[in-house]
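Colleague: my questions are about this predicted structure, shown below with the sequence.
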Amino acid sequence: MTSTLRPSPRRISVAPMMDWTDRHCRYFHRLISRHTWLYTEMVTTGALLHGDVPRHLDFNDQEHPVALQLGGSEPSDLAKCATLAEQWGYDEVNLNCGCPSERVQRGAFGACLMAEPKLVADCVKAMRDVVSIPVTVKHRIGIDDVSEYGFVRDFVGTIADAGCDVFIVHARNAILKGLSPKENREIPPLKYEFAYQLKRDFPALEISINGGIQSLDEAEEHLKHVDGVMLGREAYHNPWVLADVDHRFYGAAVSTLTRSDIEAGMADYAAKELAAGHYLGALTRHMLGLHKGEAGARGWRRTLSDSKRLSKGDLSIFDEARRYLTDEVAA
């Protein structure tokens, strides 16, 4: 079969990352890139059906396009949560079939769902039946010692038959016992060729690749084989990597934004969030990688991490951090 790469709106995306990609992080990333597709942290169906829905689903209109990632394995529960996602204005619902943590496994979802493709298909169908926004799946290429390509091929084929046409492939196995989530992101070998082969075998599907990608040059190479690239930890620890995404991958004009512009935008945002009663440090913690590799970055990070000033909501912290950078650069 001939591969047919499609002009995907998810050409570049930022992965859903627990404790990281909250709404403050997404707002920050959106200031840097207008078009990068953003994902929430994983939200479990139980948290939505029995918890504080606004706390989990509230987001800023400027975040669009933004997708809600759900964790769950009960079709009817997922359908209810997908309906909530659409009602709240999300642009996509994504089902987590890739998280290997033992806590998630105890909830019978995440990567362990790869062993039950028919159940995943039922989940996808239940969600697609009740929403008009895309329903997508993020998954690994295998679980434990299952290393044959046929496993992920059959998984994707079964889910595709249920109507899912967008798959985000973290190109590593998930080891369900014996490795921590962090180790599961590093120890199982990357097999990008599996994602490429999925695109060749299912040319009508949209296939994105995830795992270990650290630069836009690498992303460009992957995009010769698949429809989209999902950046993870690199986008968080070095967020300025997103600055050229719009021009390079979406045809936008060359950005004239500077890091100082982004800081100023976050300072304005922080003032509004403080007025609403939120903690300043919840915002600044996501910004600490903005000046990675630049002179003065250490002092800038230290200033934005000053717990005493953060607890007081001291907005002058932004000006002081910028001066610290300027002083070191000038030196």
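Modeller: Structure's in. What do you need?
Colleague: can you pull out the helices in the stretch 201-331 of the chain?
Modeller: 216-222, 233-237, 245-250, 259-275, 281-284, 297-304, 307-311, 316-330 (DSSP state H, counting those that start in this stretch).
Colleague: let me see the domain layout of the protein.
Modeller: Domain assignment for the chain by automatic domain parsing gives 12-250, 259-330.
Colleague: need the least confident one among those, by mean pLDDT.
Modeller: The minimum mean pLDDT among these belongs to domain 259-330 (a mean of 91).
Colleague: next up, the contacts around Ile262.
Modeller: Contact analysis of Ile262 by C-beta atoms under 8 Å, 6 or more residues apart in numbering lists 28, 31-32, 290. All C-beta atoms are positioned from the backbone trio N, CA, C, and that covers glycine.
Colleague: list the contacts for Phe249?
Modeller: 11-12, 35, 216, 219, 223 are the contacts of Phe249 under C-beta under 8 Å, 6+ apart.
Colleague: for Trp88, same thing?
Modeller: Taking C-beta under 8 Å, 6+ apart as the criterion, Trp88 is in contact with 57-59, 68.
Colleague: how about Phe109?
Modeller: 44, 71-73, 96-97, 99.
Colleague: let's go with 6 Å and repeat that
Modeller: The contact partners of Phe109, by C-beta atoms under 6 Å, 6 or more residues apart in numbering, come to 71-73.
Colleague: before we move on, what about Asn238?
Modeller: 289, 292.
Colleague: would you mind giving the helices of the stretch 201-331 of the chain as JSON lines with distance to His24 added?
Modeller: Shown next, in JSON lines, are the helices of the stretch 201-331 of the chain (distance: least, C-beta to C-beta, whole Å):
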{"stretch": "helix 216-222", "distance to His24": "24"}
{"stretch": "helix 233-237", "distance to His24": "12"}
{"stretch": "helix 245-250", "distance to His24": "20"}
{"stretch": "helix 259-275", "distance to His24": "7"}
{"stretch": "helix 281-284", "distance to His24": "5"}
{"stretch": "helix 297-304", "distance to His24": "13"}
{"stretch": "helix 307-311", "distance to His24": "13"}
{"stretch": "helix 316-330", "distance to His24": "14"}
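Colleague: so which bits of stretch 217-230 are buried?
Modeller: Applying a neighbour-count criterion of 16 or more other C-beta atoms under 10 Å, the buried positions in stretch 217-230 are 219, 222-223, 225-230.
Colleague: how about the CA coordinates for it, as CSV?
Modeller: C-alpha atoms of stretch 217-230 as CSV (Å, rounded to 0.1, in the frame of the first residue of the first chain):
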residue,chain,number,x,y,z
ASP,A,217,14.9,18.7,12.9
GLU,A,218,14.0,15.2,14.2
ALA,A,219,10.3,16.0,13.9
GLU,A,220,10.8,16.9,10.2
GLU,A,221,12.5,13.6,9.5
HIS,A,222,9.6,11.7,11.2
LEU,A,223,7.1,13.7,9.2
LYS,A,224,8.5,12.0,6.0
HIS,A,225,6.9,8.8,7.3
VAL,A,226,4.0,9.7,9.5
ASP,A,227,1.3,12.5,9.8
GLY,A,228,2.2,14.0,13.1
VAL,A,229,4.9,14.3,15.8
MET,A,230,4.1,14.6,19.5
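Colleague: quick check, nearest of the contacts of Phe249 to Val245?
Modeller: Ile12 (4.9 Å; C-beta to C-beta).
Colleague: tell me how far that closest one lies from Trp240.
Modeller: Relative to Trp240, Ile12 is positioned 14 Å away (C-beta to C-beta, to the nearest Å).
Colleague: compare the two (neighbour count), which wins?
Modeller: Neighbour count, other C-beta atoms under 10 Å: between Ile12 and Trp240, Ile12 has more, with 27 against 16.
Colleague: for that one, name its beta-bridge partners.
Modeller: Beta-bridge partners for Ile12, by DSSP bridges, are Val229.
Colleague: returning to that earlier point: in the contacts of Phe249, find the pair that's most separated.
Modeller: Among the contacts of Phe249, His35 and Leu223 lie farthest apart (C-beta to C-beta), at 14.3 Å.
Colleague: end to end, how far does stretch 289-299 reach?
Modeller: 12 Å (C-alpha to C-alpha, to the nearest Å).
Colleague: what's the answer for stretch 37-53, then?
Modeller: With C-alpha to C-alpha, one end of stretch 37-53 sits 23 Å from the other.
Colleague: and for stretch 93-109?
Modeller: 16 Å.
Colleague: before we move on, back to that, distance to His139, secondary structure and neighbour count for the contacts of Trp88 - can I get that in a markdown table?
Modeller: Output for the contacts of Trp88, formatted as a markdown table (distance: C-beta to C-beta, whole Å; DSSP: H, G, I helix; E, B strand; the rest coil; neighbours: other C-beta atoms under 10 Å):
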| residue | distance to His139 | secondary structure | neighbour count |
| --- | --- | --- | --- |
| Leu57 | 23 | helix | 20 |
| Asp58 | 28 | coil | 10 |
| Phe59 | 24 | coil | 19 |
| Leu68 | 17 | strand | 27 |
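Colleague: so can I have TSV of these showing distance to Glu273?
Modeller: Shown next, in TSV, are these (distance: C-beta to C-beta, whole Å):
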residue	distance to Glu273
Leu57	17
Asp58	12
Phe59	13
Leu68	21
